[in-house]
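Asks: could you look at this predicted model? Sequence included:
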Amino acid sequence: MRFLPRASRLPLALVLAAGGLLGCAENKNLGSRTTTLSTKPSIFLRVTPDGDASGIIGAFVPDELADAEVDEASAVRTRCSQHIKPRRLPASGQFNEIAAASTGASGKLGVKSVARVDIGGQSAEALLVRYTLLEKLQADVDEDNLQRCCAADPSQCSKRYISSALLADGNYYAATDFAAGGGADIEALKLVDALPVDASVVYSSDMKWERKVGFKRQYFAFSVQRGLAGGLGSSSTAGATPAANDCAWARKVPTDLDGIYFVGVSNPMPSEKLAREDAMRDARDQVVKYLGEFLADASASVQKTVGSAADIQVLLDDTRVKESLSAGFARSVKDREWCGPDETAAPSGMKSTMKVLAFFPNSERKTAGIVALKTVIDKQKTAGQNTAALEAMLRDMEKAP
């Protein structure tokens, strides 16, 4: 951005003289001709300017979208956007800037310019914006959690996101002719930087720009941050479940923001049917162990009420408790992919081994944790143990959101 001195700082006669020079330029019609400027714009114009752009900060731009077509209407907020917060910053100054306008943005504004800018090897419409900056929204990024979120589910991120937006009073200008078309003194026309933001004609970047549309206290433009890995809407398959029977998921377990995957492996069984049942049983046993870890972390007072986190794990690891819970969780633990059967010879005949990719949703975690605690409490009561601390923990869990 280039700071413009305010017009009030220059003698009025000088400003009027510059205005007179502008009036001398001939308005040469270029017809369908366009010219590409050497300027590399740093801001994109919004399709729909408004008074609050906080909702677009952190929105991801799909990877397949060309740079020349970027606008806020094409950006998407995902669950990973929660780690990119808008921060309001005071700002001031008068600026004279060439911005890129997507087809959608230029069409909505109803402004047609003969100037273009090259972005990423493609051409976007160029509009000149003269504005008085009032405020800026800047992305405040929680880098660690954003990277974790994108790694957990790459489909929720892309390589670009909206990182800032500008609030201003100003005007859009469209290029209509070359600056030297009417033989005007271009050196003298450099005085145009001292003209008010609402000047009717501006000469810049060797082009003549005519004022078309004005705006007041609008977030009219934004910028984009690059550098994230991932691929919103892209062909990237990182983190996705591989095709059935390739068993890749058994070596690298997929991740998902909505839950957790477990790989269940059966013992060698007399039939594929029994092997499948045993693989799911193994997966559910892992869910029981996972719930023990969840329960240990669920209450801040667990150390005071029931002893160490290992005590919860021990109680849930009891064979009868585990069997009861494993059967009870059959509805919540879903099979997603299967691998096998692998056949092996044994003295009693051929045996089958299966692997299953099972999914346990986060939405079931609290309910399952409560069921697990109740099961442990019932067993402890039957054994004549004091369950007051466990029951206090159960009440805390039931009240928690």
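Replies: That came through, no problem.

Asks: show me the domain layout of the chain.
Replies: Segmentation of the chain into domains, based on automatic domain parsing, reads 3-226, 248-399.

Asks: in stretch 70-89, what counts as buried?
Replies: Residues 70, 71, 72, 75, 77, 78, 80, 81, 83, 84, 86 are the ones in stretch 70-89 that count as buried (16 or more other CB atoms under 10 Å). Placement of C-beta: from N, CA and C, glycine included.

Asks: tell me how far that stretch is from the chain's mean position?
Replies: Relative to its parent chain, stretch 70-89 has a centroid offset of 6 Å by CA atoms, centre = their mean, to the nearest Å.

Asks: repeat for stretch 365-373
Replies: Counting by CA atoms, centre = their mean, stretch 365-373 comes out at 32 Å from the chain centroid.

Asks: pull the CA atoms of that stretch into PDB?
Replies: Extracted in PDB, the C-alpha atoms of stretch 365-373 (Å, rounded to 0.1, in the frame of the first residue of the first chain):
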ATOM      1  CA  ARG A 365     -18.300 -40.700  24.500                       C
ATOM      2  CA  LYS A 366     -20.100 -39.100  27.500                       C
ATOM      3  CA  THR A 367     -23.000 -41.600  27.400                       C
ATOM      4  CA  ALA A 368     -20.600 -44.500  27.100                       C
ATOM      5  CA  GLY A 369     -18.500 -43.100  30.000                       C
ATOM      6  CA  ILE A 370     -21.500 -42.900  32.200                       C
ATOM      7  CA  VAL A 371     -22.500 -46.500  31.400                       C
ATOM      8  CA  ALA A 372     -19.000 -47.600  32.200                       C
ATOM      9  CA  LEU A 373     -19.000 -45.800  35.500                       C
END
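
Asks: can you point out the buried residues in it?
Replies: By neighbour count with 16+ other CB under 10 Å, stretch 365-373 contains the buried residues 365, 368, 369, 370, 371, 372, 373.

Asks: find the residue closest to the first one in space, skipping its chain neighbours.
Replies: With CB to CB, 6 or more residues apart in numbering as the criterion, residue 365 has its nearest non-adjacent residue at 6.1 Å, and that residue is residue 294.

Asks: same question for the fifth one.
Replies: Spatial nearest neighbour of residue 371, chain neighbours left out: residue 328 (6.1 Å); criterion: CB to CB, 6+ apart.

Asks: could you check how far the one you found is from residue 397?
Replies: 17 Å (CB to CB, to the nearest Å).

Asks: and residue 219, by the same measure?
Replies: Distance, residue 219 to residue 397, using CB to CB: 44 Å.

Asks: and the two? Which one has more around it.
Replies: Using other CB atoms under 10 Å, the more surrounded residue of residue 219 and residue 397 is residue 219, with 24 against 15.

Asks: so what's residue 325 up against?
Replies: By CB atoms under 8 Å, 6 or more residues apart in numbering, residue 325 lies in contact with 284, 288, 291, 316, 371, 372, 375.

Asks: packing partners of the host helix or strand of the third one?
Replies: I take that to be residue 291. Element membership of residue 291 [criterion: DSSP states H and E] is helix 272-298. Judged by 3 or more CB pairs under 8 Å, 6 or more residues apart in numbering; DSSP states H and E, helix 272-298 is in contact with strand 259-265, helix 309-316, helix 319-328, strand 334-346, strand 349-361, helix 365-382, helix 388-399.

Asks: chain center to stretch 107-120, what's the gap?
Replies: 27 Å.

Asks: on that earlier part again, so for the residue nearest to residue 371, what's the pLDDT?
Replies: If you check residue 328, the pLDDT there is 72.

Asks: ok, now the one 10 residues further on?
Replies: Among the per-residue scores, residue 338 holds a pLDDT of 92.

Asks: show me what it is bridged to.
Replies: Residue 338 has the following beta-bridge partners by DSSP bridges: residue 356.

Asks: any idea how many residues pack against it?
Replies: Residues near residue 338, counting by other CB under 10 Å: 18.

Asks: wait, isn't it in contact with residue 356?
Replies: Yes - the pair residue 338 / residue 356 is scored as a contact, 5.6 Å apart, by CB atoms under 8 Å.

Asks: got any residues that touch both of these two?
Replies: Common neighbours of residue 338 and residue 356 (CB under 8 Å, 6+ apart) are residue 276.

Asks: thinking again about what came up before, and the residue nearest to residue 365, how far is that from residue 220?
Replies: Going from residue 294 to residue 220 by CB to CB gives 47 Å.

Asks: please identify which of the two sits among more neighbours.
Replies: Neighbours were counted for residue 294 and for residue 220 using other CB under 10 Å; residue 220 has more, 25 against 16.

Asks: what about the helices in the stretch 101-250 of the chain?
Replies: Here the stretch 101-250 of the chain has its helices, by DSSP state H, counting those that start in this stretch, at 103-109, 143-152, 186-189, 248-251.

Asks: buried sites along the second one?
Replies: When neighbours are counted by 16+ other CB under 10 Å, the buried residues of helix 143-152 are found to be 146, 147, 149, 150, 152.

Asks: excluding chain neighbours, what is closest to the fourth one?
Replies: Spelled out, that is residue 150. Leaving out its chain neighbours, the residue that sits closest to residue 150 by CB to CB, 6+ apart is residue 157, at 3.8 Å.

Asks: surely the one you found is in contact with residue 78?
Replies: Yes - assessed by CB under 8 Å, residue 157 is found in contact with residue 78 at 7.0 Å.
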